[in-house]
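Engineer: The amino acid sequence is not available; the structure is as follows:
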């Protein structure tokens, strides 16, 4: 079945710098890759997603890239701000069209 | 996100007791999900439902039971709670399939003593 690995588990960056979080997946049939953000004590919320027919997608300061050959996808956050501090989860679809989740990355923005 | 609610928000119970966590959504979404969230494991799917009276196992279903008699409700029951079931439980829903945007409830923090 599908397995998703996410790195790093913790990422600390200076405010204004960029942050990159990477995920790898095992099932070459996966075709949907969302990223969710979870602020402390809150529920996860979708921030961006990408499907397998697209290589890159951007939404203001966030972007996701997908490399199907290497089976990895990444979240890029530019010009980081304090409100970007949160745990970020990647996920990949499995053969039942359900999501398999990465373990999460805690992003810390240093002032 | 007020359209999906969970109750109770916090629950303390003892080993061996039966516990039911409630989930209610007002969007008439077809799909509903139950996840558990534990440190270092991210979100793990317990059960999901494609429609009323249709449920299926996820990654970690052992020890849990679900039902879905109405589209808007998807209760999760721990038949005999164990300490390993101490976790934060999230209910979620999506419009059509699991690969649509999933909208999460606020979560239930369950402690089994």
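Structural biologist: Yep, that arrived. Bear in mind that the values here come from a model prediction, so they are computed numbers and not experimental data. Numbers count the residues shown, from 1 in each chain, chains lettered A, B, ... in the order given.

Engineer: For the most centrally placed residue in chain B, which three-state class applies?
Structural biologist: Chain B has residue B:34 as the residue nearest its centroid, 2.9 Å off, counting by CA atoms, centre = their mean. Here residue B:34 is recorded as strand under DSSP: H, G, I helix; E, B strand; the rest coil.

Engineer: so who does the closest residue to residue A:94 other than its chain neighbours touch?
Structural biologist: Ranked by CB to CB, 6 or more residues apart in numbering or on different chains and with sequence neighbours excluded, the top spatial neighbour of residue A:94 is residue A:2, at 4.1 Å. (Each C-beta comes from the backbone N, C-alpha and C, glycine too.) The contact partners of residue A:2, by CB atoms under 8 Å, 6 or more residues apart in numbering or on different chains, come to A:25, A:26, A:27, A:30, A:92, A:93, A:94, A:95, A:100.

Engineer: so which one among these has the lowest pLDDT?
Structural biologist: Confidence by pLDDT is poorest for residue A:95 among the contacts of residue A:2, given 81.

Engineer: what about the nearest residue to it once chain neighbours are set aside, how many residues close to it?
Structural biologist: Leaving out its chain neighbours, the residue that sits closest to residue A:95 by CB to CB, 6+ apart is residue A:29, at 6.3 Å. A count of nearby residues for residue A:29, using other CB atoms under 10 Å in any protein chain shown, gives 10.

Engineer: Just confirm residue A:29 contacts residue A:92, I think it does.
Structural biologist: No. In this structure, residue A:29 is not within contact of residue A:92 by CB atoms under 8 Å, at 10.0 Å.

Engineer: hmm, back to that, in which helix or strand would I find the residue nearest to residue A:94?
Structural biologist: Assessed by DSSP states H and E, residue A:2 sits outside every helix and strand.

Engineer: Tell me the confidence at it?
Structural biologist: We have a pLDDT of 83 for residue A:2.

Engineer: Just the endpoints, please. Distance across stretch B:17-35?
Structural biologist: 20 Å (CA to CA, to the nearest Å).

Engineer: model confidence over that stretch, on average?
Structural biologist: 96.

Engineer: OK, contacts around the nearest residue to residue B:89 once chain neighbours are set aside?
Structural biologist: Once flanking residues are discounted, residue B:89 sits nearest to residue B:108: 4.7 Å by CB to CB, 6+ apart. Counting by CB under 8 Å, 6+ apart, residue B:108 touches B:6, B:7, B:8, B:9, B:10, B:11, B:21, B:88, B:89, B:90.

Engineer: What residues are bridge-paired with the residue nearest to residue A:9 when sequence neighbours are not counted?
Structural biologist: Closest residue to residue A:9 apart from its sequence neighbours, by CB to CB, 6+ apart: residue A:105 at 6.2 Å. When bridges are called by DSSP bridges, residue A:105 pairs up with residue A:88.

Engineer: In this model residue A:12 seems to touch residue A:105, though I could be wrong.
Structural biologist: No. Residue A:105 lies out of contact with residue A:12 (CB under 8 Å); the separation is 10.8 Å.
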